[in-house]
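[1] Take this sequence and fold it.
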Amino acid sequence: MGCIRMLFASKKNAFSRERKREISELIRQIELSKTAILSAQNQFEQVVDPTLIDCYIYELNAAQLRYQFLLRNLKKRELQEV
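    Here you go, the predicted model:
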């Protein structure tokens, strides 16, 4: 009976470590997305060429959508932890 408990505890710990790694990776990706948003905003504010303005608008929108997506995923993962 003790072996079964140890095996179950071992699998549970491995599962928990994997979840923590996933959450850490999501947090890292969120930080990268924040940086991409700030970079796109900064570049948008400095350009005058209409084509580049459009480019940075698209880049900013894409970075913001990715950021929102990652935040939703992080919240889902954290709720699964509870």
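[2] okay, now A62: neighbour count?
    By the measure other CB atoms under 10 Å, the count of residues near A62 is 14. Heads up, the C-betas are built off the backbone N, CA and C, glycines and all.
[3] For the helix or strand hosting F69, what does the pLDDT average out to?
    Under the criterion of DSSP states H and E, F69 resides in helix 50-81. What helix 50-81 shows for mean pLDDT is 93.
[4] Could you pull out the buried residues of it?
    Buried residues in helix 50-81, defined by neighbour count with 16 or more other CB atoms under 10 Å: Y56, E59, L60, A63, R66, Y67, L70, L74.
[5] how far away is the first one from V47?
    Applying CB to CB, to the nearest Å, one obtains 6 Å for the distance of Y56 from V47.
[6] do the third one as well
    Here L60 is placed at a distance of 12 Å from V47 (CB to CB).
[7] secondary structure class for V48?
    Put simply, V48 is coil when judged by DSSP: H, G, I helix; E, B strand; the rest coil.
[8] Quick check on it: phi, psi?
    phi -120, psi -20 (degrees, to the nearest 10).
[9] now do D49
    Backbone torsions for D49, taken as degrees, to the nearest 10, come to phi -70, psi 130.
[10] show me the contacts for it.
    Listed by CB atoms under 8 Å, 6 or more residues apart in numbering, D49 has no contact partners.
[11] if I look at it, how far off is C55?
    9 Å.
[12] With E22 instead?
    To C55, E22 is 33 Å away according to CB to CB.
[13] now T35
    18 Å.
[14] and which of the buried residues of helix 50-81 is nearest I27?
    L74 (6.9 Å; CB to CB).
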